[in-house]
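*Asks:* everything below, folded, please.
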Amino acid sequence: MRKQRFDINGFQDFLLKALQDFVKGCRKVVIAGLPQMGCIPILITERLKPPFYQTCLEDEKADARSYNEKLLNLLPPLQAMLPGPISCFTETKEGCCGSGLLEASFLCNPETPVCETPSDFVFWDSIRPSQAAYKVMSHLFINQILPKLTLQLTFSFLAFDLFSTR
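*Replies:* Just a heads-up that it's a prediction; the model follows:
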């Protein structure tokens, strides 16, 4: 339906404007970029004729990349509208160390080149999360999961004390 009214660029702008309008007044919001749309298996299978020629669709990859770049440019104005910090990982598929695809363990060493901004990466190497990702995970655990566990454990011990036979 929207395809009739917009080209890809216009539709991206429409979505980003809708996002900007949507977050007004929000206290907490999660904003995620698009994955590599051209690499989704069903799209590859549907669009490519030879069954053994399975490569990503470059036009769709470029469209997703373009949208994500526009989204990154929109984050500073959104941050000004929202209370509190905005955490953002700009690289979610590759690690910061080396090529980001193969290196792990001893292959990530003091001689291995690393990215300029490790805090933008979810992964440090091809396996392990980055320090920034661990920080986000620990913050979520400490502030959201642990209090619920503590509350449940407290109620469990109270229930045990009330109903236990001595």
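*Asks:* please make it C-alpha for all contacts and neighbour counts, starting now.
*Replies:* Noted.
*Asks:* assign Thr92 to helix, strand or coil.
*Replies:* strand (DSSP: H, G, I helix; E, B strand; the rest coil).
*Asks:* now do the contacts for it.
*Replies:* By Cα atoms under 8 Å, 6 or more residues apart in numbering, the residues touching Thr92 are 121-123.
*Asks:* can we see that at 10 Å?
*Replies:* 35, 120-123 (Cα atoms under 10 Å, 6 or more residues apart in numbering).
*Asks:* go through these and flag which are in strands.
*Replies:* Within the contacts of Thr92, residues falling in strands by DSSP state E are 121-123.
*Asks:* mind putting those into CSV with pLDDT and neighbour count?
*Replies:* Below are the ones in strands among the contacts of Thr92 laid out as CSV (pLDDT from 0 to 100; neighbours: other Cα atoms under 10 Å):
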residue, pLDDT, neighbour count
Phe121, 88, 25
Val122, 85, 24
Phe123, 84, 25
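*Asks:* wait, Leu107 sits on Val114?
*Replies:* No - taking contacts as Cα atoms under 10 Å, Leu107 lies outside contact range of Val114: 11.7 Å.
*Asks:* overlap of the contact sets of these two?
*Replies:* In terms of Cα under 10 Å, 6+ apart, Leu107 and Val114 are both contacted by the residues 97-98, 125.
*Asks:* packing partners of the helix or strand hosting Asp13?
*Replies:* Asp13 is located in helix 8-23, with elements delineated by DSSP states H and E. Where contact means 3 or more Cα pairs under 10 Å, 6 or more residues apart in numbering; DSSP states H and E, helix 8-23 is packed against helix 58-81.
*Asks:* could you tell me the average pLDDT over the helix it packs on, please?
*Replies:* What helix 58-81 shows for mean pLDDT is 88.
*Asks:* buried stuff in it?
*Replies:* Within helix 58-81, the residues scored as buried using 16 or more other Cα atoms under 10 Å are 60-61, 63-65, 67-68, 71, 78.
*Asks:* how about the residue most central in space within the chain, secondary structure?
*Replies:* Nearest residue to the geometric centre of the chain (Cα atoms, centre = their mean): Ala32, 5.5 Å. Per three-state DSSP, the secondary structure class of Ala32 is coil.
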